[in-house]
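> generate a structure from the sequence data that follows.
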Amino acid sequence: MRAHMTSPWSKILLLIFALMGAVGAARTESDIVEINVCGIDVANPPIYRLTMAETTDTTEYKGVAYELMDEIELQAPIRIIFERRPWKRCLSQLQTGQSDAVIGSSYVPEREQYSHYPRKLDGTVDASKLVYSNTLWLYVSDPAVQWDGVSLKLPPGAQAAAGLGYSSADLLQRMGVEVIERYEPKHLANLLTSRRVALVASYAMQVEPYLDLNDPNTPVRRLPTPLMQDDMFMVFSRQFYARHQHVAERIWEVCADIHESGRYNEIMALYFSFLDSQ
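Predicted structure coming up:
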């Protein structure tokens, strides 16, 4: 058998291929876009299992929001730099361009002045490209409060409360209700149980840990008809969208794929199973 000989040309070709591979790797790395994403810093299981202060790099089951961002990173040419802040600050940072995106924004027309939502060809918001969804409920301390899914009636002079900067506050105000906004869910619960407000709009797993709805002596109850099913999106600053429109559109496509494939339901089921076991 003839011994294998490495010719000078073979060495040159190997060097060329190695250089091409290095250039290709560098190009791939340079194509990855870093995105600064802001999300709420309070707990809201299963979206965020814990507050920002309680969540560390080693925390298991951080929340559905974290899982979805991992899925998006796998399928889009991006690297997410994630921070959690009070929601109103997230929106402020989006407006100034300090944050490239926020995760979990409901559709509020006023936010279009400084952000981009996914759109259909006819210009309407594309709900199929939401990132996650949650139910907004109404909690009351006054039996005179009435809500039939369309019309909301409060006693004269009564006030409502909602999360600081949340879309629920905007919605209640558009209904003609005076709204007090508070940063922490436990403060909303305190306003309700002390009867300083007649109504609180919130997500169940955000406020109910601070309410004893099973106490037969409590005046507080959850109305049977939700205020709304709150579809939430990853929305981008106008500055980021102008620079990386194709990246934003790709991320929205991935969000739609996660829902259509059933992966979103798998993640939600995993978290509900985990929370039920606690």
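
> show me the contacts for the nearest residue to Phe274 once chain neighbours are set aside.
Nearest residue to Phe274, sequence neighbours excluded (Cβ to Cβ, 6 or more residues apart in numbering): Tyr61, at 5.2 Å. In short, each C-beta sits where N, CA and C put it, glycine included. Neighbouring residues of Tyr61 by Cβ atoms under 8 Å, 6 or more residues apart in numbering: Arg49, Tyr271, Phe274.

> can you get me a residue count around the nearest residue to the first one once chain neighbours are set aside?
Translated: Arg49. Spatial nearest neighbour of Arg49, chain neighbours left out: Gly63 (4.7 Å); criterion: Cβ to Cβ, 6+ apart. The tally of other residues near Gly63 (other Cβ atoms under 10 Å) stands at 22.

> wait, Gly63 sits on Val42?
No. Judged on Cβ atoms under 8 Å, Gly63 makes no contact with Val42 at a distance of 11.4 Å.

> mutual contacts of those two, please.
Common contacts of Gly63 and Val42 (Cβ under 8 Å, 6+ apart): Tyr48.

> the helix or strand harbouring Thr135 pairs with which strands, parallel or anti?
Thr135 belongs to strand 132-140 when assigned by DSSP states H and E. Strand 132-140 has its sheet partners listed here by DSSP bridges as strand 199-203 (antiparallel), strand 221-222 (antiparallel), strand 228-237 (antiparallel).

> if we can go back for a sec, and the pLDDT at the residue nearest to Arg49?
On the pLDDT scale, Gly63 is placed at 96.

> equivalent analysis for Lys88, please.
We have a pLDDT of 95 for Lys88.

> how about the strands in this protein?
Remark: strands assigned in the chain by DSSP state E are 33-40, 78-85, 101-106, 115-116, 132-140, 146-147, 152-153, 160-163, 179-182, 199-203, 221-222, 228-237.

> can you redo the ones you listed as a markdown table with mean pLDDT and mean neighbour count?
Listed next are those as a markdown table, based on pLDDT from 0 to 100; neighbours: other Cβ atoms under 10 Å:
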| stretch | mean pLDDT | mean neighbour count |
| --- | --- | --- |
| strand 33-40 | 97 | 21 |
| strand 78-85 | 97 | 16 |
| strand 101-106 | 97 | 24 |
| strand 115-116 | 97 | 20 |
| strand 132-140 | 96 | 20 |
| strand 146-147 | 96 | 15 |
| strand 152-153 | 96 | 16 |
| strand 160-163 | 96 | 27 |
| strand 179-182 | 96 | 18 |
| strand 199-203 | 96 | 25 |
| strand 221-222 | 96 | 16 |
| strand 228-237 | 96 | 21 |
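
> I'd like to know which of the ones you listed is closest to Leu91.
Ranking those by proximity to Leu91 (Cβ to Cβ) places strand 101-106 first, at 6.7 Å.

> check contacts around Trp137.
So Trp137 contacts Ala201, Ser202, Tyr203, Ala204, Arg222, Leu223, Pro226, Leu227 (Cβ under 8 Å, 6+ apart).

> which single one of those is nearest to Pro143?
Nearest to Pro143, judged by Cβ to Cβ, of those is Leu223 at 10.7 Å.

> give me the nearest residue to the closest one, chain neighbours excluded.
Nearest residue to Leu223 in three dimensions, chain neighbours excluded: Leu138, at 4.5 Å (Cβ to Cβ, 6+ apart).
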